[in-house]
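[1] take this sequence and fold it.
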Amino acid sequence: MREETAEHLAKEDFVGAMHVLSNLREPVDAFFDDVTVNAENADLRLNRLRLLAELRRVMMGVADFGKIAGEAGAA
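    Purely as a prediction, here's the structure:
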């Protein structure tokens, strides 16, 4: 979905980009319900952390969600 989001952003179609990201809700929820990110196996843990970092990078390319949520210290 990274590429599809990038296509929308290139056209300044932020609603479209958010729609693409909204499709990740269920898989991301399932990931956190079913997966231990901080696994004992270092390689597995690193792969999971990289996956989450990539998700964060794509989402931050659309909006600073911390500011949207009214996170402390947000402008």
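
[2] ok, now how distant is the residue nearest the centre of the chain from R45?
    What sits nearest the mean C-alpha location of the chain, by Cα atoms, centre = their mean, is L55, with 3.2 Å. Using Cβ to Cβ, to the nearest Å, L55 is found at 16 Å from R45. Glycine gets a C-beta too; all of them are placed from N, C-alpha and C.

[3] ok, the residue nearest to the centre of the chain touching P27?
    No. Using Cβ atoms under 8 Å as the test, L55 is too far from P27 to be in contact (9.9 Å).

[4] next one: stretch 27-36 to chain centre, how far?
    Taking Cα atoms, centre = their mean, to the nearest Å, one finds stretch 27-36 lying 13 Å from the centre of the chain it belongs to.

[5] try stretch 41-59
    Worked out by Cα atoms, centre = their mean, stretch 41-59 lies 10 Å from the chain centre.

[6] and that stretch, what's buried?
    48, 55, 58-59 (16 or more other Cβ atoms under 10 Å).

[7] which of those residues fall in helices?
    48, 55, 58-59 (DSSP state H).

[8] how about a markdown table for those, with pLDDT added?
    Putting these into a markdown table (pLDDT from 0 to 100) gives the following:
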| residue | pLDDT |
| --- | --- |
| R48 | 95 |
| L55 | 88 |
| V58 | 85 |
| M59 | 83 |
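
[9] which one of these is nearest to A6?
    V58 (8.3 Å; Cβ to Cβ).

[10] roughly how far apart are that closest one and D43?
    Taking Cβ to Cβ as the measure, V58 falls 23 Å from D43.

[11] where exactly do the strands run in the chain?
    Ranges of strands within the chain: none, based on DSSP state E.

[12] so where's the chain shaky on pLDDT?
    Residue ranges of the chain with pLDDT under 70: 64-75.

[13] need the helices for it, in chain order.
    2-10, 14-22, 25-34, 42-62, 65-68.

[14] surely L24 is in contact with E4?
    No. Using Cβ under 8 Å, L24 makes no contact with E4, being 11.1 Å away.

[15] first-to-last residue distance for stretch 15-31?
    End-to-end span of stretch 15-31 (Cα to Cα, to the nearest Å): 25 Å.

[16] now do the buried residues in it.
    Along stretch 15-31, these residues count as buried under the neighbour rule (16+ other Cβ under 10 Å): 17, 20-21.
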